[in-house]
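S.K.: Based on what follows, work out the 3D shape:
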Amino acid sequence: MINKPVGPTFLRPFWLILGCLLLLGSSAQDHRFDIWKGKDIVGSILVKRKVDGGRTHYVMSSFSEFDILWKQQVRSLVSTEYMNGGVSKCYSHVKVNGNVRDSSHFHLNRDSATCYVHPDEHFVHEGLVEWTTARMYYEEPVGQQSVFVESVLRHCRLQHTGPGTYRLHFPDGKVNNYTYRNGRLEEVHVDRNFFELVFRRDG
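M.R.: Residues are numbered from 1 along each chain as shown. Below you'll find the predicted structure:
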C-alpha cells in the first residue's frame, strides 16, 4: 500500500449503504450471529452474500446494546463488493449512541483505489485486494497471512493459531479471534481492554 495525499474523497451517505441490504434481495446467502457478552445476548449480526455474474457483494449489519461504565448502543454496517476477483469498493460505518465513531470508503479506479478513513485520513491504495473480513464470514482464510480490514482500509496480519483458528491483529494492537469448523465460521472473539464479546453463529 502506498500512502500519498489525494483530494477530498466524498464518503457516501449512510443511507446509500443501508440500501445495499435491499439490493441483495431474498436470493442472498444469509447468516446470523448472536453477540454475547458473558452469559447474555446483547445484539446480533446479519451477514449477506450475493453472487451475480462476475460480482460478489457482501453486507454485514449489526446492532448491540451493553453497559461499559454507561449504556452503549452500537450500530455498524459494512458493504464490500468484489469484481473480477478483487475488491472494487467498500464502505463501513459505526455509530455509538448515535454518534459516528468510525467510517471508511474505498473506491477502485483502474489499478489504484482512493481511500478515506474517519475523521480526516485520505490516501491511495495500490494493488489487488482479495481477502477481507467480510469474506472471512463465508470462507476460511487457509494459507492467508494478512486480511484487508474494511474499517481501517489496510492489510492486517493474520496469525494461524491452530486447526481452524486464526487471530487478526489490528493496527492499534487489538485482536479478533476466529474459529472455523469444517471450513465454516462459528465464532469470533473480540478482545478489548475493558470487555470481551463473542459473535456466535445462530443455527
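
S.K.: which stretches of this protein have low pLDDT?
M.R.: 1-28 (pLDDT under 70).

S.K.: what's the helix or strand containing residue 46 in contact with?
M.R.: Using DSSP states H and E, residue 46 sits in strand 40-52. The set of residues external to strand 40-52 that reach it, using CB atoms under 8 Å, 6 or more residues apart in numbering, is 21, 24-25, 27-36, 56-66, 74, 134, 137-138, 197, 199, 202. In short, each C-beta sits where N, CA and C put it, glycine included.

S.K.: Quick one: distance of that strand to the chain centre.
M.R.: How far strand 40-52 lies from its chain's middle: 11 Å, per CA atoms, centre = their mean, to the nearest Å.

S.K.: List the neighbouring strands of it plus their orientation.
M.R.: The strands that strand 40-52 pairs with in its sheet are strand 29-37 (antiparallel), strand 55-68 (antiparallel) (by DSSP bridges).

S.K.: For the shortest one, buried residues please.
M.R.: For strand 29-37, a neighbour-count test (16 or more other CB atoms under 10 Å) marks 31, 33, 34, 35, 36, 37 as buried.

S.K.: I'd guess residue 135 is in a strand, am I close?
M.R.: No: counting by DSSP: H, G, I helix; E, B strand; the rest coil, residue 135 falls outside a strand, being helix.

S.K.: Surely it is in contact with residue 58?
M.R.: Yes: under the criterion of CB atoms under 8 Å, residue 135 makes contact with residue 58 at 6.8 Å.

S.K.: Going by neighbour count, which residues in stretch 79-94 are buried?
M.R.: Neighbour-count burial for stretch 79-94, counted by 16+ other CB under 10 Å, picks out 79, 80, 81, 82, 87, 88, 89, 90, 91, 92, 93, 94.

S.K.: For it, give me every contacting residue.
M.R.: Identification of contacts with stretch 79-94 by CB under 8 Å, 6+ apart yields 11-12, 14, 17, 20, 54-59, 74-78, 100-108, 113, 128-130, 132, 134-135, 148, 150-151, 153.

S.K.: In which helix or strand does the closest residue to residue 160 other than its chain neighbours reside?
M.R.: Nearest residue to residue 160, sequence neighbours excluded (CB to CB, 6 or more residues apart in numbering): residue 166, at 5.8 Å. Using DSSP H and E, residue 166 maps to strand 165-169.

S.K.: One more: residue 151?
M.R.: Under DSSP H and E, no helix or strand contains residue 151.

S.K.: I'd say it and residue 102 touch.
M.R.: Yes: counting by CB under 8 Å, residue 102 is a contact partner of residue 151 at 5.5 Å.

S.K.: who's more crowded, those two?
M.R.: The residue with more neighbours, out of residue 151 and residue 102, is residue 151; 20 against 16, by other CB atoms under 10 Å.

S.K.: show me the contacts for the more buried one.
M.R.: Applying CB under 8 Å, 6+ apart to residue 151 gives the contacts 78, 92, 94, 102, 104, 117.
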